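K.L.:
this is a predicted model, with the sequence first.
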Amino acid sequence: MLQRTRNEKGKTILVAGGAGFVGSHLCDALLARGDRVICVDSYITGSKDNVRPLRNHPRFRLIEKDICDLAEVDETLDQIYNLACAASPPQYQADPVHTMMTCVAGTGNLLSLAERHAASFLQASTSEVYGDPIEHPQREDYRGNVSCIGPRACYDEGKRAAETLCFDMLRTGKVDARVARIFNTYGPRMQPNDGRIISNLLVQAIQGRPLTIYGTGKQTRSFCFVSDLVAGLIALMDVDPNPEAPVNLGNPGEFTINELAEMVLAMVPTASKAVRKPLPQDDPQRRRPDISRAKELLKWEPKVPLSEGLRHTADWFTAALGDGKALRRRSRVRRPISSSEISVGA
């Protein structure tokens, strides 16, 4: 039976995927402002280490559950954030069917939960819905260039379907749903072997191994530090009225992969030279958000420059790589990742 009592000092907020990279930072931020946080995570890609410091917090509760199987929560919820999905290509391609079902069935479960609790809902979508974009930079009204049968489709199309569910629930008046399209995000607590370009290059550099560049290295990405992204997510959830449209959240600063590698080589004393390998299938050539909508509606834009955020991230990886036990805990994936799978598209 639901406990129909509200947190007097703040909201009661469920964060699905709260033990993940972004989710754990979101839990920290919500607790810091006085909210009660219920973290739901299956630990398929999340890490218990990310939320270990919160286990004894009086306003934090942890539920180990897959959102595809989540039926009910025995507390009244004010808000639900859905960040529960593997976000890097090696991880979401490791079990593509589960990835798709997490996006569709899992999101459907959480939306039904939001409807029963009259809770606001925020879906963490992705810039991957734009595919390998022809339009540049990408605006929210761009419909994308996505392969529905390629190896990345389980994630790309899964997130597109999740957006459809959110806006159908919004249009029918069932759920106050909001959708954030998240661009490349980085920072402390990234998994060392998750296949994202920043973690890949930093780990290789810190370990003194050659940096792997796929393709020509001229493909571009825009990198947003995790604290900036979390601020944007909270701003989107709390803005009134509901924007009733997806909102890009990312840093519009655009860098080639070659430029990123040069920054890493200059920053990490143990870094080695770079080596080149073929570009993975369906990997986008250019990626940069147009954040005009976020600036106008949320009064939000990123503040942390890449040089500063990269240093914080390098320091964190240096410490994590020095702790072999912690590294093994953080590096859980469903199967080993080969170097050929690592993508610059995450």
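P.N.:
Received the coordinates, thanks. These numbers come from a predicted model, not from an experiment.
K.L.:
so what's Q204 up against?
P.N.:
Taking Cβ atoms under 8 Å, 6 or more residues apart in numbering, we find Q204 in contact with P210, L211, T212, A271, S272. C-beta: built from backbone N, CA, C; applies to glycine.
K.L.:
so what does the biggest helix by length in the chain touch, helix or strand wise?
P.N.:
In the chain, with assignment by DSSP state H, the single longest helix is helix 153-171. Judged by 3 or more Cβ pairs under 8 Å, 6 or more residues apart in numbering; DSSP states H and E, helix 153-171 is in contact with helix 89-94, helix 96-101, helix 107-117, strand 120-126, strand 177-182.
K.L.:
so can I have CSV of those showing distance to P192?
P.N.:
Formatted as CSV, the helices and strands packed on helix 153-171 follow (distance: least, Cβ to Cβ, whole Å):
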stretch, distance to P192
helix 89-94, 12
helix 96-101, 21
helix 107-117, 28
strand 120-126, 21
strand 177-182, 21
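K.L.:
export those to JSON lines and tack on mean neighbour count?
P.N.:
Shown next, in JSON lines, are these (neighbours: other Cβ atoms under 10 Å):
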{"stretch": "helix 89-94", "mean neighbour count": "24"}
{"stretch": "helix 96-101", "mean neighbour count": "18"}
{"stretch": "helix 107-117", "mean neighbour count": "21"}
{"stretch": "strand 120-126", "mean neighbour count": "25"}
{"stretch": "strand 177-182", "mean neighbour count": "24"}
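K.L.:
need the ones you listed in JSON lines (columns: distance to E163 and mean pLDDT).
P.N.:
Listed next are those as JSON lines, based on distance: least, Cβ to Cβ, whole Å; pLDDT from 0 to 100:
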{"stretch": "helix 89-94", "distance to E163": "16", "mean pLDDT": "87"}
{"stretch": "helix 96-101", "distance to E163": "14", "mean pLDDT": "96"}
{"stretch": "helix 107-117", "distance to E163": "9", "mean pLDDT": "98"}
{"stretch": "strand 120-126", "distance to E163": "5", "mean pLDDT": "98"}
{"stretch": "strand 177-182", "distance to E163": "5", "mean pLDDT": "98"}
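K.L.:
quick one, the longest helix of the chain and helix 107-117 angle?
P.N.:
20 degrees (axes from the mean of the first three to the mean of the last three Cα atoms, to 10 degrees).
K.L.:
state the mean pLDDT of helix 153-171.
P.N.:
Here helix 153-171 scores 97 as its mean pLDDT.
K.L.:
got the contact list for that helix?
P.N.:
With contact meaning Cβ under 8 Å, 6+ apart, helix 153-171 is reached by 82, 85-87, 89, 92-93, 96-97, 99-100, 102-104, 107-108, 111, 114-115, 121, 123, 125-126, 128-129, 131, 144, 146-148, 150, 175-179, 242, 244, 246.
K.L.:
convert it to PDB, retaining C-alpha atoms only.
P.N.:
What follows is helix 153-171, C-alpha atoms only, in PDB (Å, rounded to 0.1, in the frame of the first residue of the first chain):
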ATOM      1  CA  ALA A 153      19.500   0.600 -33.800                       C
ATOM      2  CA  CYS A 154      18.700  -1.100 -30.600                       C
ATOM      3  CA  TYR A 155      19.600   2.100 -28.800                       C
ATOM      4  CA  ASP A 156      18.900   4.800 -31.500                       C
ATOM      5  CA  GLU A 157      15.400   3.400 -32.300                       C
ATOM      6  CA  GLY A 158      14.700   2.300 -28.700                       C
ATOM      7  CA  LYS A 159      15.200   5.900 -27.600                       C
ATOM      8  CA  ARG A 160      13.100   7.200 -30.400                       C
ATOM      9  CA  ALA A 161      10.300   4.900 -29.400                       C
ATOM     10  CA  ALA A 162      10.700   6.000 -25.800                       C
ATOM     11  CA  GLU A 163      10.200   9.600 -26.800                       C
ATOM     12  CA  THR A 164       7.000   8.600 -28.700                       C
ATOM     13  CA  LEU A 165       5.600   7.000 -25.500                       C
ATOM     14  CA  CYS A 166       6.400  10.100 -23.500                       C
ATOM     15  CA  PHE A 167       4.700  12.500 -25.900                       C
ATOM     16  CA  ASP A 168       1.700  10.200 -26.400                       C
ATOM     17  CA  MET A 169       1.300  10.100 -22.600                       C
ATOM     18  CA  LEU A 170       1.700  13.900 -22.500                       C
ATOM     19  CA  ARG A 171      -0.800  14.500 -25.300                       C
END
